[in-house]
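A.B. asks: Structure of the sequence below:
(one chain, ligands or ions: 2)
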Amino acid sequence: MVESRPLAAVSTTSVDGTRRLAAALADLIRPGDLIVLCGDLGAGKTAFTQGLGAALGVEVPITSPTFTLANRYPGALTVHHLDVYRLVHIDEVADLGLHELVDDASVTVVEWGDAIAGALPGGFLEVRLLLGDRPDDRQVEFRTVGTEWADREPAVLAVASRATGE
Ligand SMILES: Nc1ncnc2c1ncn2[C@@H]1O[C@H](COP(=O)(O)OP(=O)(O)OP(=O)(O)O)[C@@H](O)[C@H]1O
Ligand SMILES: [Mg+2]
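C.D. replies: Ligands and ions are numbered 1, 2, ... in the order given. Have a look, this model is predicted:
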């Protein structure tokens, strides 16, 4: 598969930097949104979700859903946090009930969601986290897929450029 060029890319140099970047994106979130997190193993998908969730009013610690597959956090919007790394068959996606989760009162974040992109209920913001040269360096790339996020591309770009300027 040929990767399209990212809309924007930001470097972070600490886990808190990645959390702050995610928190800055929270302003753009609309009820019913879907965010796909992908990239390198251990690059910070869960850390990103922690920053986003806290900014959306989630008051409890967000932990990796690797073994539970899906966690639900009440906040200003309900945050559904899924990790589909362990799904062996694409058929298992149906069991997640994604179409039911993505509703007008929630935002749904799917770690490794790129692997099931064709089975997702709509368009999404893709956030690809990649390991960098030094241990705490990360490259965070943004792409929009489908119509839901298309009109927010300028806003995503603005968040990315503010983060770069920090
Ligand atoms: N710039 C950075 N951004 C994010 N995490 C960082 C950064 N620098 C170091 N880290 C560390 O990298 C680890 C990221 O772990 P995290 O569980 O968020 O990754 P993940 O992508 O969800 O992993 P997995 O692929 O297992 O789901 C944490 O231990 C965090 O402290
Ligand atoms: Mg994770």
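A.B. asks: who in this protein is up against ligand 1?
C.D. replies: 12-15, 17-18, 41-47, 64, 111, 136, 138 (Cβ under 6 Å from any ligand atom). In this view, the C-beta of every residue, glycine as well, is placed from N, C-alpha and C.
A.B. asks: Just the C-alpha atoms of the helix or strand containing residue 154, please, in CSV.
C.D. replies: Assigned by DSSP states H and E, residue 154 belongs to helix 153-165. The C-alpha atoms that make up helix 153-165 are tabulated as CSV, following Å, rounded to 0.1, in the frame of the first residue of the first chain:
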residue,chain,number,x,y,z
GLU,A,153,-7.9,19.8,8.1
PRO,A,154,-7.0,23.6,8.5
ALA,A,155,-7.7,23.3,12.3
VAL,A,156,-5.5,20.1,12.6
LEU,A,157,-2.8,22.0,10.7
ALA,A,158,-3.1,24.9,13.1
VAL,A,159,-2.7,22.6,16.1
ALA,A,160,0.3,21.0,14.5
SER,A,161,2.0,24.2,13.7
ARG,A,162,1.4,25.6,17.2
ALA,A,163,2.9,22.5,18.7
THR,A,164,5.9,22.8,16.5
GLY,A,165,6.4,26.3,17.5
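A.B. asks: which residues of this protein fall in strands?
C.D. replies: 8-12, 34-39, 70-73, 78-83, 106-111, 124-131, 138-145 (DSSP state E).
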